[in-house]
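[1] what's the 3D shape of this:
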Amino acid sequence: MRIFCNRLCTSLLSVLLFFAICAPRPAPVFTGGNNYVYYLYDSGSNCAILQVEPNTPKPAFCYVSGESCTYADRSATDVLAEFGAEVLFLEKIDGITNYYAYSPRLPYRITLYGQTVNLHVAEKARGICVGSPIIFGGY
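    Predicted coordinates for the structure are as follows:
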């Protein structure tokens, strides 16, 4: 009986390890950008920030709560249209226009000023930074 239990445990661990290593990981929400960042563990400003190479699949074994990247050659209008997003409100600060929007195509969400936001685009003279649900850190 003991040998059977040991073999069963070894088999189960092997199967779990196989799926952990070989299971496909979801692609990032944004493609073709630079300075790609995943937000981990928390959907608020207490999240951990993991900077990765562009188009890196989402990390395994941790809760991804959002992501962001920059584009030098795209506009806020392009990104909002790509995701079919509705702009909820915007703010202009120090030459940066921030669009806060909602898109049914994005998986992340946060409540901001009583509204569900899941797309944040910061547009400045030299490009844009996009984030979902919002951009954490600098832009």
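[2] can we go C-alpha only for contacts and neighbour counts from here?
    OK.
[3] count of residues packed around the residue lying closest to residue 45 once chain neighbours are set aside?
    Leaving out its chain neighbours, the residue that sits closest to residue 45 by CA to CA, 6 or more residues apart in numbering is residue 136, at 6.3 Å. Taking other CA atoms under 10 Å as the neighbour definition, residue 136 ends up with a count of 22.
[4] Would you check how far apart residue 136 and residue 121 are?
    As for residue 136, its distance to residue 121 is 12 Å (criterion: CA to CA, to the nearest Å).
[5] now swap in residue 42 and tell me
    Distance of residue 42 to residue 121, given as CA to CA: 20 Å.
[6] more crowded one of those two?
    Comparing residue 42 with residue 121 by neighbour count (other CA under 10 Å), the higher total belongs to residue 121, at 29 against 13.
[7] Show me what the more buried one is bridged to.
    residue 99, residue 130 (DSSP bridges).
[8] so what pLDDT did it get?
    As predicted, residue 121 sits at a pLDDT of 98.
[9] Kindly report the same for residue 116.
    97.
[10] do the same with residue 11
    In the prediction, the pLDDT value recorded for residue 11 is 60.
[11] ok, now residue 25?
    In this model, residue 25 is scored at 54, pLDDT.
[12] Repeat that for the one 5 residues further on.
    At residue 30, the predicted lDDT confidence score is 90.
[13] ok, now the one 5 residues further on?
    At residue 35 the predicted local confidence, pLDDT, stands at 93.
[14] hang on, it packs against residue 55?
    No - judged on CA atoms under 8 Å, residue 35 makes no contact with residue 55 at a distance of 10.5 Å.
[15] ok, residue 102 - how many residues close by?
    Other residues near residue 102 come to 25 when the count uses other CA under 10 Å.
[16] Please apply the same query to residue 44.
    Applying other CA under 10 Å, we find 17 residues neighbouring residue 44.
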